[in-house]
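A.B. asks: Give me the fold of what follows.
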Amino acid sequence: MHVATLSVTPEAVTAEPRTLADLFRMAVERHPRPDCFLRKSGGAWQPVPTAEFARQVRACAAGLASLGLRRGDRVAILSYNRLEWAVVDYACQLLGIADVPIYSTLPADQCAYILKDSESKAVFAENAVQADKVRGLVPHLVTFEGAPDSEPFSKFLERGAEPPAVEVDPDDLATLIYTSGTTGTPKGVMLTHRNLVTNVVSSCSVLRCAADDVLLSFLPLSHSFERIMDYSLFWCGATIAHAEHVDKVVANMMEVRPTVMAAVPRFYEKVYAKVRDGVMKKGAFARGLFEWARRIGAVEAECRRRGASLPMLFRWKLGVARWLVLGKIQGVVGGRMRSFISGGGPLSRDVAEYLCSLGFTICEGYGLTETSPVLTLNPRGRAKLGTVGPAIPGVELKIAADGEILARGPNIMKGYLNKPEDTKAVFVDGWFATGDIGELDPEGYLRITDRKKDLLKTSGGKYIAPQPIENALKLHPSVLNAVVIGDRQKFPAALIVPAPGSTREDVQKAMDAVNATLAHHEQLKKFELVEKDFTLEGGELTPTMKVRRRVVEKKYQGLIDKIYAGD
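C.D. replies: Sure, this is the predicted structure:
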């Protein structure tokens, strides 16, 4: 795999794009390389040169124009991550067309709602399965892999010669991203070119991406977090490899050997559980060696976070620890991983510390779809575990009297499509109300404590933040998933999905261990077991893997009634 060495003049570096169309043109001109993208084809990763990617983007833009689509129109993309996704996205941006990403996991009725609400005039679908969800709902249907009654993408690229020159304004709508929502109907978040471009530039200044970076893009591009990561790495001239599928991420990491990846907390929790469970199955000597290596790694990680030098004795020990243990673990993710970026929800500090002690660098950030999405990000070399970092350049934060995090900046959305009242409800004197509860330390680092709407209030008037308790439960090997309940009840309790092979006694021990760390009013008094884990298909999870608390409570009302019967 070839990695280009680039030389960029100081004048070029200081120039900043105003729109995503600018970002595309400037990045293509600045960073010509033979491996702008990597795509899996015929069992091997094939490089896609910058020039070829640019050709396809312009051909796609010409194709869109040939359909009569113009600035201000909307076009939907219904597909998992792949090169064609990026081609359509940038093509839309060149013409001032707002694209509407749709999670490929959504059922047909939700896809239909989004298409109607957004007034999309065309859909680019991944394959026949996705095309079946939307056939007949829009005038134009194009498929990347081909499907009956649709136009193949390869043919679509031959529709036009050159795209028309369109003057795109920074305040033009760039995309409509529908929030999955833990309750209620999805809302179309209107993000402008200014929103996204300023977020890319500010995020890059903290991420410090470089042209020799390789990103493995596996979170759905429908997710604003992955999308801003892809924009940022493209802007920096790095290589972007699109994972084949979420289920193939581990294999793809070994093949691509990425240097940076974005993932949600659930990904890190699964890595943590897999490593820990694997160690527990080994003999006493191997377990002892692993823990010794991890302790050395923890010292190195702490020095790295503080920008301090590792003591000479520890340097020797670290070399041995890497040779015997840590190097093998890092090899599972390709051996070149520079940074894991965590977002989309709060990451347990225990998980973060554990993985950092194994030699991984995890930079946790925070944001929402409505904020394009990045608000804060832990900088490399100055990260604080347990926080999501300080505000990125251009973003202001403050904490309201009730603890809610308020944000202001050029990245804040234009509003919710067709929902003026909902838009008005999330702004307080010009500040965007995030719905999250948090606190700022003296250095401006933000710590998230819970979701405002998720706070439980017992019948005794005590407030309980369920998310930290749920995260603590999921760290135990016997607990696969958990939802804390107890709003307007005498005491908090939990619905727990046990890990395979775990007994009720195992779960009780896990709950007892967690209770020992909680205040008296937070301690869980009872629990009931849920036989099947929460899923997207079952309606209990959003596409970003957040639990729909109200759905779970409604679905398992019988178990909840059993918990509180007689109390």
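A.B. asks: roughly how far apart are the closest residue to residue 256 other than its chain neighbours and residue 268?
C.D. replies: Spatially, and ignoring its direct neighbours in sequence, residue 256 is nearest to residue 241 (4.5 Å; Cβ to Cβ, 6 or more residues apart in numbering). For glycine as for every other residue, the C-beta is placed from the backbone atoms N, C-alpha and C. Distance of residue 241 to residue 268, given as Cβ to Cβ, to the nearest Å: 20 Å.
A.B. asks: other SSEs contacting the longest helix seen in the chain?
C.D. replies: Ordering each helix of the chain by length in residues (DSSP state H) puts helix 284-306 first. Here helix 284-306 touches helix 265-280, helix 312-321, helix 349-357, going by 3 or more Cβ pairs under 8 Å, 6 or more residues apart in numbering; DSSP states H and E.
A.B. asks: So which of residue 241 and residue 268 has more stuff around it?
C.D. replies: Applying other Cβ atoms under 10 Å to residue 241 and residue 268 shows that residue 241 carries more neighbours, namely 26 against 21.
A.B. asks: Surely residue 318 touches residue 295?
C.D. replies: No. Using Cβ atoms under 8 Å, residue 318 is not in contact with residue 295, being 10.7 Å away.
A.B. asks: Neighbour count: these two, which is higher?
C.D. replies: residue 318 (20 against 12).
A.B. asks: Might you report the residue contacts of that one?
C.D. replies: By Cβ atoms under 8 Å, 6 or more residues apart in numbering, residue 318 lies in contact with 296, 297, 300, 310.
A.B. asks: what does residue 249 give?
C.D. replies: Here residue 249 is in contact with 216, 218, 243 (Cβ under 8 Å, 6+ apart).
A.B. asks: Quick one: classify it as helix, strand or coil.
C.D. replies: helix (DSSP: H, G, I helix; E, B strand; the rest coil).
A.B. asks: I'd like the distance between residue 172 and residue 192.
C.D. replies: Using Cβ to Cβ, one gets 6 Å for the distance from residue 172 to residue 192.
A.B. asks: Look at those two and report which has more neighbours.
C.D. replies: residue 192 (24 against 21).
A.B. asks: Cross-check the contact I'm expecting between the more buried one and residue 176.
C.D. replies: No. Residue 192 sits out of contact with residue 176 when judged by Cβ under 8 Å, with a separation of 10.9 Å.
A.B. asks: Nearest the middle, which residue of this structure would you pick?
C.D. replies: Nearest to the geometric centre of the chain sits residue 225, at 4.3 Å (Cα atoms, centre = their mean).
A.B. asks: okay but that residue is in contact with residue 261, surely?
C.D. replies: No. With contact defined as Cβ under 8 Å, residue 225 does not count as touching residue 261 (11.4 Å).
A.B. asks: Each with direction, which strands does the longest strand seen in the chain pair with?
C.D. replies: Criterion DSSP state E: the longest strand present in the chain is strand 431-440. Sheet pairing of strand 431-440 (DSSP bridges) gives strand 404-408 (antiparallel), strand 427-428 (antiparallel), strand 446-451 (antiparallel).
A.B. asks: chain center to it: distance?
C.D. replies: A distance of 19 Å separates the centroid of the chain from that of strand 431-440, by Cα atoms, centre = their mean, to the nearest Å.
A.B. asks: what is the mean pLDDT for it?
C.D. replies: What strand 431-440 shows for mean pLDDT is 94.
A.B. asks: for the helix or strand in which residue 327 is found, the distance to its chain's centre please.
C.D. replies: Per DSSP states H and E, residue 327 falls inside helix 327-331. Mean-position distance between helix 327-331 and its chain equals 24 Å (Cα atoms, centre = their mean).
A.B. asks: List of residues touching the helix or strand immediately after that helix in the chain?
C.D. replies: Next helix or strand after helix 327-331 toward the C-terminus (DSSP H and E): strand 339-342. With contacts defined as Cβ under 8 Å, 6+ apart, strand 339-342 is touched by 207, 229, 259-265, 268, 352, 355, 360-365, 377, 380.
A.B. asks: Parallel or antiparallel, which strands does strand 339-342 pair with?
C.D. replies: In the sheet, strand 339-342 lines up with strand 260-263 (parallel), strand 362-367 (parallel) (DSSP bridges).
A.B. asks: Mind putting these into a markdown table with mean pLDDT and mean neighbour count?
C.D. replies: A markdown table is the format used below for the strands paired with strand 339-342 (pLDDT from 0 to 100; neighbours: other Cβ atoms under 10 Å):
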| stretch | mean pLDDT | mean neighbour count |
| --- | --- | --- |
| strand 260-263 | 94 | 24 |
| strand 362-367 | 93 | 25 |
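A.B. asks: wait, which of those strands is closest to residue 186?
C.D. replies: strand 362-367 (18.4 Å; Cβ to Cβ).
A.B. asks: quick one: that closest one to helix 284-306, angle?
C.D. replies: 60 degrees (axes from the mean of the first three to the mean of the last three Cα atoms, to 10 degrees).
A.B. asks: Can you spell out which helices and strands pack onto the helix or strand following strand 362-367?
C.D. replies: Of the helices and strands lying after strand 362-367 in sequence (DSSP H and E), the nearest is strand 374-377. The helices and strands touching strand 374-377, judged by 3+ Cβ pairs under 8 Å, 6+ apart, are helix 193-207, strand 362-367.
A.B. asks: Can you tell me what sits against strand 374-377?
C.D. replies: 199, 202-203, 206-207, 228, 341, 343, 363-368, 388-392, 395, 397, 407, 409, 411, 434, 445-446.
A.B. asks: any weak-confidence spans in the protein?
C.D. replies: For the chain, applying pLDDT under 70 flags the ranges 1-14, 180-184, 566-567.
A.B. asks: Would you map out the domains in it?
C.D. replies: The record's domain split for the chain, according to automatic domain parsing, is 20-208+215-247, 455-564.
A.B. asks: who wins for proximity to residue 425 among those?
C.D. replies: The nearest among the domains of the chain, by Cβ to Cβ, is domain 20-208+215-247 at 11.0 Å.
A.B. asks: which two of the contacts of residue 318 lie the greatest distance from each other?
C.D. replies: It's 297 and 310 that sit farthest apart of those, by Cβ to Cβ, at 10.9 Å.
A.B. asks: Any chance of a markdown table for the strands paired with strand 431-440, columns distance to residue 59?
C.D. replies: Shown next, in a markdown table, are the strands paired with strand 431-440 (distance: least, Cβ to Cβ, whole Å):
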| stretch | distance to residue 59 |
| --- | --- |
| strand 404-408 | 39 |
| strand 427-428 | 41 |
| strand 446-451 | 43 |
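A.B. asks: Select, out of those strands, the one closest to residue 106.
C.D. replies: strand 446-451 (22.6 Å).
A.B. asks: Find out how far that closest one is from the centre of the chain, if you would.
C.D. replies: 17 Å.
A.B. asks: just stretch 367-378 next, same as before
C.D. replies: With Cα atoms, centre = their mean, you get 10 Å for stretch 367-378.
A.B. asks: Likewise for stretch 85-101?
C.D. replies: That offset, for stretch 85-101, works out to 20 Å (Cα atoms, centre = their mean).
A.B. asks: just stretch 327-336 next, same as before
C.D. replies: So, by Cα atoms, centre = their mean, the centroid of stretch 327-336 is 22 Å from its chain's centroid.
A.B. asks: Not counting that stretch itself, show me its contacts.
C.D. replies: For stretch 327-336, the surrounding residues in contact (Cβ under 8 Å, 6+ apart) are 214, 250, 253-259, 275, 337, 358-360.
A.B. asks: Who wins on neighbours among the residues you listed?
C.D. replies: Result: residue 258 is most packed of the contacts of stretch 327-336 (other Cβ under 10 Å), 27 neighbours.
A.B. asks: Just give me the neighbour total for residue 453.
C.D. replies: Here the number of neighbours of residue 453 (other Cβ under 10 Å) works out to 12.
A.B. asks: just residue 401 next, same as before
C.D. replies: For residue 401, using other Cβ under 10 Å, the count is 5.
A.B. asks: And the one 10 residues further on, by the same measure?
C.D. replies: Neighbouring residues of residue 411 were enumerated by other Cβ under 10 Å; the total is 29.
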